[in-house]
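The following comprises the amino acid sequence and a computationally predicted model.
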Amino acid sequence: MRRLDDLSVFRGRKASLYAWNTETGRAFSSSGNASVESVSLAEGAGASMPLFCRYVCSSSIKGNRVHRRKKQNFLSFEFIVRGELYVKSGETGYIAEENDLCILREGSDHEFFHQDESPCNVWGFIIEGRVVEQLLKIFRLDGLSTIRFKDSARLLEFRNDFIKLLNVKQNPENMRRNSGLCFELFQFISENYSGHSYSKFSRDLISYLEDHFSERLNMKETALRFNCSLPLFNRRFNEDTGETPYRYLMKYRLSRAAELLRSTLSPVKEIALRVGYNDSLYFSGEFRKIYGVSPKAYRKRHV
């Protein structure tokens, strides 16, 4: 990503209005040459869900292309697979390059344009639900405009998994899977962001938790190890990261379990033990809360 100090490059570019809401002032317009393949939920689907992916697309852009969203009413992740794209988000402008993921927030104005013959390919994910803003804060993504990915292979898996889910009948089970996959996507994006400005206390604690995640850690004893009472221990970490040490440990354990489910054929009971859970039924329940499906169903989806 290359930041633009001069935003005049966005002025005077014409685009045709194709959606307008007089009550909210939302408007969407575009012009130019782009081929878009997309799959989405039916209108109204997912309305009761706290988190879900409504739309996934793959865009291929050649030559001049302008796209504007006024008062965007959803969160979108736009990943540059190839080429580069000029992006204006609010009053910030930048050039998004290959392997950049753009985070475009709800309620803001966003604009894109492409101006030469070199092709640009973009994957787009539209995410909705009442917990979106909360998750952006929990995963420390709320102040970011772009994230650079070293490897897009896992992101491609997310894209393909969402396409499969959006192409089948939207029953409650599939919507729960959709929600769980969205949570997993947030977690994955957060893990790829290395710019957290945590305090030394939190960095040391994170290292300790990740080094000992498979052990039966007692948070009161861990607090004493860090010369803190348990309330102070929780407060210091929460002020830095937005969550308690126990919550961080649980999420880390489950992310490691998900990795093992994708990459090994080990029984679920064995994986539960390897990530610090002696009770495989309790482990399965915690896993379902985060990922929306059981460990066995998660593995089946990623085979």
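The structure has been received and is ready for your questions.

Would you map the strands across this protein?
With strands called from DSSP state E, the chain shows them at 2-4, 16-21, 26-40, 52-70, 75-82, 84-89, 92-97, 100-104, 110-114, 120-128, 146-148.

domains of this structure?
The record's domain split for the chain, according to automatic domain parsing, is 2-170, 200-302.

Now do the buried residues in the lengthiest helix in the chain.
Secondary structure assigned by DSSP state H gives helix 172-192 as the longest helix of the chain. By neighbour count, and taking 16 or more other Cβ atoms under 10 Å as the criterion, the buried residues in helix 172-192 are 174-190. From N, CA and C alone the C-beta is placed, and that goes for glycine too.

neighbours of the residue nearest to residue 45 when sequence neighbours are not counted, just the number please.
In this structure, residue 45 finds its nearest non-sequential neighbour in residue 170, 5.0 Å apart by Cβ to Cβ, 6 or more residues apart in numbering. The number of residues packed near residue 170 is 15, by other Cβ atoms under 10 Å.

Please renumber the chain so that the first residue is 21 from this point on.
Noted, 21 is the first residue going forward, which turns the last one into residue 190.

What's the separation between the spatially most central residue of the chain and residue 311?
What sits nearest the mean C-alpha location of the chain, by Cα atoms, centre = their mean, is residue 206, with 2.8 Å. To residue 311, residue 206 is 12 Å away according to Cβ to Cβ, to the nearest Å.

just residue 227 next, same as before
25 Å.

Neighbour count for those two, which is higher?
residue 311 (25 against 10).

For residue 88, see how far away the residue nearest to the centre of the chain is.
Taking Cβ to Cβ, one finds residue 206 at 26 Å from residue 88.

Please work out how many residues are found near the closest residue to residue 84 other than its chain neighbours.
Of all residues not flanking residue 84 in the chain, residue 52 sits nearest, at 4.7 Å (Cβ to Cβ, 6+ apart). Counted by other Cβ under 10 Å, the residues lying close to residue 52 total 18.
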